[in-house]
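[1] return a 3D structure for these sequence lines:
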Amino acid sequence: MKYTNKVKAIGANVDDFKGTGLLVLFGDNAPDTLKDFCYTIDVLPVDGTIEAGMTLSFDDNDYKITAIGDEAQRTLEGLGHCTICFNGATEVELPGTIYVEAKPMPEVQIGTVIKIS
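    This is a model prediction of the structure:
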């Protein structure tokens, strides 16, 4: 297991990003302008390097990682911040984003466990 975390809070406007296939994670220090659009998690380290081909899970919903931006692991570890894009892209467009296979987004709730393996 490279990473495990749990959703602690859900911003009032997280559904605004669902239509774009994006899910935004952020630690407690999310800027006020972004906090309502984020799922709040603890800031925790990653054990090793996140790479394409690994699995990102939300409870029992597994997604193959297809690409990872150069900044995604650094901001995840430092700020608890990462954007997950559910479009299956193999080319990185945004450096702070982890791209996963194009499947329906998970239903994320307070207590949802996020894992990378």
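[2] any idea of the pLDDT on residue 38?
    Listed pLDDT for residue 38 reads 96.
[3] enumerate every residue touching it.
    11, 14, 24, 25, 26, 30 (CB atoms under 8 Å, 6 or more residues apart in numbering). Yep, even glycine has a C-beta here, placed from its N, CA and C like the rest.
[4] which of the residues you listed has the largest number of neighbours?
    Per-residue neighbour counts (other CB atoms under 10 Å) across the contacts of residue 38 peak at residue 26, which has 24 neighbours.
[5] and that residue, how far from residue 51?
    23 Å (CB to CB, to the nearest Å).
[6] the contacts of residue 38: which two are farthest apart?
    Based on CB to CB, the longest span within the contacts of residue 38 runs between 14 and 30 and measures 11.8 Å.
[7] give me the number of residues near residue 96?
    19.
[8] nope, residue 81 is what I was after
    Residue 81: 23 neighbours (other CB under 10 Å).
[9] isn't it up against residue 28?
    No. The criterion here is CB atoms under 8 Å, and residue 81 misses it with residue 28 at 11.0 Å.
[10] what sits against residue 99?
    Contact analysis of residue 99 by CB under 8 Å, 6+ apart lists 65, 66, 67, 68, 85, 87, 88, 89, 90, 92.
[11] one more time with 7 Å
    Listed by CB atoms under 7 Å, 6 or more residues apart in numbering, the contact partners of residue 99 are 66, 67, 85, 87, 89.
[12] repeat for residue 21
    By CB under 7 Å, 6+ apart, the neighbours of residue 21 are 85, 86, 87, 105.
[13] repeat that for residue 26.
    Residue 26 makes contact with 34, 38, 40, 79, 80, 81, according to CB under 7 Å, 6+ apart.
[14] and it, bridged to which residues?
    Beta-bridge partners for residue 26, by DSSP bridges, are residue 40.
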